[in-house]
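>>> how would this look folded up:
(one chain, ligands or ions: 2)
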Amino acid sequence: MSFTPERYQINNLNFIPFISKNEVDNAILEISKQINFDYKNSTPVFLITLKGAVFFAVKLLENINLNCEIHVISAKSYGSQLESSGDVMIKAEELNLQNRDVIIIEDIIDTGYTMEKVLSVIQKTSPRSVAIASLLAKPEKACVDIKIDYLGFNIPAQFVIGSGLDFDEKGRNLSGIYILEE
Ligand code: IMP
Ligand code: MG
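Ligands and ions are numbered 1, 2, ... in the order given. The predicted model follows:
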């Protein structure tokens, strides 16, 4: 079963289907396969950024066949706005990533400020390597240069919801990606 209305409204904003659940699932499966290959000699630590990346993370991790660990980190930037505030709050459990191969699982990289902050927190724990897996990226909006090692889709500079992404905490449970109707 999946939740795929033809139009989804939040506070007078209309969202319409943009990337289907099938396309999302296929892209995630390809990322899983690539990570299985790239890390076959490692025991990586997956770090899920809450909350948006949870859906992506579950689908990705279902197909990971490596010995691995899974941790979460909370990075919050948006509130109920459509534009990134640049203000990022990070909350992490005690992270011991010394000499570990870390793979950050993120929902979307927009300006890149959130990922920059997450990376700086992780780097302090002296990991052996850090890679980024992001379901989506908006290259036209990038303000900092972030290397995305595993990417689902580049999308235009428009607000999207679904597959874990929200507007004002709503829309995460939509299947596939929905885009704000102009
Ligand atoms: P950045 O710091 O501008 O790169 O923003 C990254 C964070 O903002 C992401 O982890 C999301 O939580 C949120 N975000 C950015 N763009 C969107 C969007 O189009 N829809 C929903 N959330 C978004
Ligand atoms: Mg996020």
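>>> and the pLDDT at the residue of the chain found nearest ligand 2?
As assessed by C-beta to the ion, ligand 2 sits closest to Gly52 within the chain, at 4.0 Å. In this view, the C-beta of every residue, glycine as well, is placed from N, C-alpha and C. For Gly52, the pLDDT comes out at 94.
>>> give me the three-state assignment for it.
coil (DSSP: H, G, I helix; E, B strand; the rest coil).
>>> and it, what is it in contact with?
By C-beta atoms under 8 Å, 6 or more residues apart in numbering, Gly52 lies in contact with Glu106, Asp107, Ile108, Gly164, Leu165, Asp166, Arg172.
>>> list the buried ones in the longest helix seen in the chain?
If you go by DSSP state H, the chain has its longest helix at helix 21-38. Residues of helix 21-38 classed as buried: Lys21, Val24, Ala27, Ile28, Ile31, Ser32, Ile35, Asp38 (neighbour count, 16 or more other C-beta atoms under 10 Å).
>>> and what of stretch 116-133?
Residues of stretch 116-133 classed as buried by neighbour count (16+ other C-beta under 10 Å): Lys117, Val118, Leu119, Val121, Ile122, Thr125, Pro127, Val130, Ala131, Ile132, Ala133.
>>> correct me, but the second one touches Thr49?
When you say that, I think you mean Val118. Yes: the criterion here is C-beta atoms under 8 Å, and Val118 meets it with Thr49 at 6.5 Å.
>>> overlap in contacts, those two.
Common neighbours of Val118 and Thr49 (C-beta under 8 Å, 6+ apart) are Ile73, Ala75, Ile104, Glu106.
>>> residues contacting the helix or strand hosting Ile179, please?
Per DSSP states H and E: Ile179 is located in strand 177-180. Here strand 177-180 makes contact (C-beta under 8 Å, 6+ apart) with 8, 13-19, 24, 82, 136, 153, 155, 158-163, 165, 171.
>>> in PyMOL, select just the buried ones from these.
A single PyMOL command selects the buried members of these (16+ other C-beta under 10 Å):
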select buried, resi 8+13+15+17+18+19+24+136+153+155+159+160+161+162+163+165+171
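>>> okay if I get the buried residues of helix 21-38 as CSV plus distance to Asn67 and pLDDT?
Formatted as CSV, the buried residues of helix 21-38 follow (distance: C-beta to C-beta, whole Å; pLDDT from 0 to 100):
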residue, distance to Asn67, pLDDT
Lys21, 30, 98
Val24, 27, 98
Ala27, 25, 98
Ile28, 20, 98
Ile31, 18, 98
Ser32, 15, 98
Ile35, 13, 98
Asp38, 15, 98
